[in-house]
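>>> Give the three-dimensional model of this entry:
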Amino acid sequence: MIRLKALLVKEFIQMSRDRLTFAMMVMLPIVQLLVFGYAINTDVKHLSTVVFDQSLSYESRDLLSSFEASGYFDINYAAGSFQAVSDHIESGKTKVGIIIPPDFAANLKHGRTASFQVIVDASDSMAASSAISTAQMIGQIKSQQILVEKMQAIAGKSIAAPYDIRIRPWYNPDFVTAFYMVPGILGVVLTMTMVMITSMAIVRERERGTLEQLIVTPLKSYELMLGKIIPYVFVGYVQVTLALLVGIFVFDLPVQGSILLLYGLTLIYILAALALGILISNMAQTQMQAMQMSFFIFLPSVLLSGFMFPREAMPRFFFWLSHIIPLTFFLEILRGIILKGLSIRFLWSQIAALLVFITVALTVSIVKFQKKLG
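Modelled structure (predicted):
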């Protein structure tokens, strides 16, 4: 019993000395609770919406006001053509497009059915389902309001439904879950392996006592960093290839875009994930610290990147916080190429964000990594 007490005291003393490890153990549950309890929300509201209003009438403005008043649609763009609507949705700027024809007001005034189109980006099935159900509900409510007014004036006559909502789900019209999840899983697997493996690279050398051998070499700091990164690039490509083959042949994943473009942009993300791992490795003192820091970053990356939960449903703070997570941009690239068939002209902002992240992470790592024993 005395020996057990002595062992417990020794472990608590050791834990208190390793302040970073202790802080990570305390902070990790708090981060999990905040992210799970506050940031994660399946009720998707404030979907960015583009409108092509060819009617420009009181009736069309009243309809659009109903969409905005629901809280599910934020009309952020006014398009001048159908192609402009298409470009906004393809680029990811908007999730919903509303197209109102020129004869919309005239049809309502003459008692005819007035049609309008709602285009939804169904590559995010959860957000698309919310948008479709809300749009249909708005159409039904507006129709009921007009029908009540007409029935009070004209009794005993059949009246056509005032609104005809034509829903057009793009990219994943059948809402196949695998089409949405498989590209996301590919990104998550890359993140988990690249970050966690490389996060222990420098620390492992230090603990084994082999870091001194690297320090006495004529290699420069950035050359040592590259030497730790490059071998894992090939590992990442093997994972991507296997994941794509399984997705295509097992889940019938439709790859709409260029495979060469996908592989080229995947290299940028692999470098970003490896740069993050190297940064963690330079900050950690032990492999345990490196593992805890990797998990501390990995969990928010999965939850806030849009892998499982739509980012549009998150509070503004967490939505903007997701912009510093590399996986957020890589998922947009993956789903954009695989499901939408996007070309590189629609992906420049995501590419730029990843390149900035790589530059910052590697620069900090090189500066922090001194050619001397830590």
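
>>> How about the contacts made by Ser199?
Contacts for Ser199 were tallied using CB atoms under 8 Å, 6 or more residues apart in numbering; they are Leu276, Gly277, Ile278, Ile280, Ser281, Ala284, Ala290, Met291, Met293, Ser294. Every C-beta, even on glycine, is put in place using the N, C-alpha and C of the backbone.

>>> isn't the first one right up against Ile297?
Yes - when contacts are counted by CB atoms under 8 Å, Leu276 is listed as touching Ile297 (7.1 Å).

>>> what about the two, which has more around it?
Neighbour count, other CB atoms under 10 Å: between Leu276 and Ile297, Leu276 has more, with 27 against 20.

>>> List the buried residues for the helix or strand where Val356 lies?
Assignment of secondary structure by DSSP states H and E places Val356 within helix 348-368. Across helix 348-368, burial judged by 16 or more other CB atoms under 10 Å covers Gln350, Ile351, Ala353, Leu354, Phe357, Ile358, Ala361, Leu362, Ser365, Ile366.

>>> who's in contact with the closest residue to Ala114 other than its chain neighbours?
Of all residues not flanking Ala114 in the chain, Asn107 sits nearest, at 4.0 Å (CB to CB, 6 or more residues apart in numbering). Listed by CB under 8 Å, 6+ apart, the contact set of Asn107 reads Thr113, Ala114, Ser115.

>>> now that we have the residues you listed, which one has the most neighbours?
Ala114 (27 neighbours).

>>> Got phi/psi on it?
With angles defined as degrees, to the nearest 10, Ala114 sits at phi -100, psi 120.

>>> Do I have it right that it meets Lys142?
No - taking contacts as CB under 8 Å, Ala114 lies outside contact range of Lys142: 9.8 Å.

>>> got any residues that touch both of the two?
By the contact definition CB under 8 Å, 6+ apart, Ala114 and Lys142 are jointly contacted by Pro162, Tyr163.

>>> what about Ala105, neighbour count?
Using other CB under 10 Å: Ala105 sits among 20 other residues.

>>> Can you tell me the closest non-neighbouring residue to it?
What sits nearest to Ala105 in space, not counting adjacent residues and going by CB to CB, 6+ apart, is Ser57, at 3.7 Å.

>>> and the one you found, what are its phi and psi?
Per-residue torsions, Ser57: phi -120, psi 170 (degrees, to the nearest 10).

>>> Name the nearest residue to the residue nearest in space to the middle of the chain, ignoring sequence neighbours.
The centre of the chain sits closest to Gly306, judged by CA atoms, centre = their mean, with a distance of 3.2 Å. Excluding the flanking residues, the one nearest Gly306 by CB to CB, 6+ apart is Leu331, at 5.5 Å.

>>> What is the neighbour count of that neighbour?
24.

>>> who's in contact with Ile167?
The contact partners of Ile167, taken as CB under 8 Å, 6+ apart, are Val118, Val120, Ile132, Ala135, Gln136.

>>> How about the contacts made by Leu262?
Contacts for Leu262 (CB under 8 Å, 6+ apart) come out as Val255, Ile333, Leu334, Ile337, Ile338.

>>> So for it, what's the pLDDT?
pLDDT recorded at Leu262 is 93.

>>> swap in Gly336?
pLDDT, Gly336: 91.

>>> So the residue lying closest to it once chain neighbours are set aside, which state does it fall into?
In space, and not counting its chain neighbours, Gly336 is closest to Leu342: 4.0 Å by CB to CB, 6+ apart. Here Leu342 is coil, with the state taken from DSSP: H, G, I helix; E, B strand; the rest coil.

>>> Was I right to think Leu342 contacts Arg335?
No - using CB under 8 Å, Leu342 makes no contact with Arg335, being 9.0 Å away.

>>> For the nearest residue to Pro102 once chain neighbours are set aside, give me its contacts.
Distances taken as CB to CB, 6+ apart put Gln54 closest to Pro102, at 4.5 Å, once the chain neighbours are dropped. Gln54 is in contact with Ile99, Ile100, Pro101, Pro102, Phe104, counting by CB under 8 Å, 6+ apart.

>>> Looks to me like Gly97 is in a strand.
Yes - counting by three-state DSSP, Gly97 is found in a strand.

>>> From Ile197, how far off is the residue nearest to the centre of the chain?
As judged by CB to CB, to the nearest Å, Gly306 and Ile197 stand 24 Å apart.

>>> now Leu267
As for Leu267, its distance to Ile197 is 17 Å (criterion: CB to CB).

>>> quick revisit: mind picking the two most distant members of the contacts of Gln54?
Spatially, the most separated pair among the contacts of Gln54 is Ile99 and Pro102, at 10.8 Å (CB to CB).

>>> what about the strands in the protein?
47-53, 73-78, 96-100, 114-121, 163-170 (DSSP state E).

>>> Cool, thanks, talk later.
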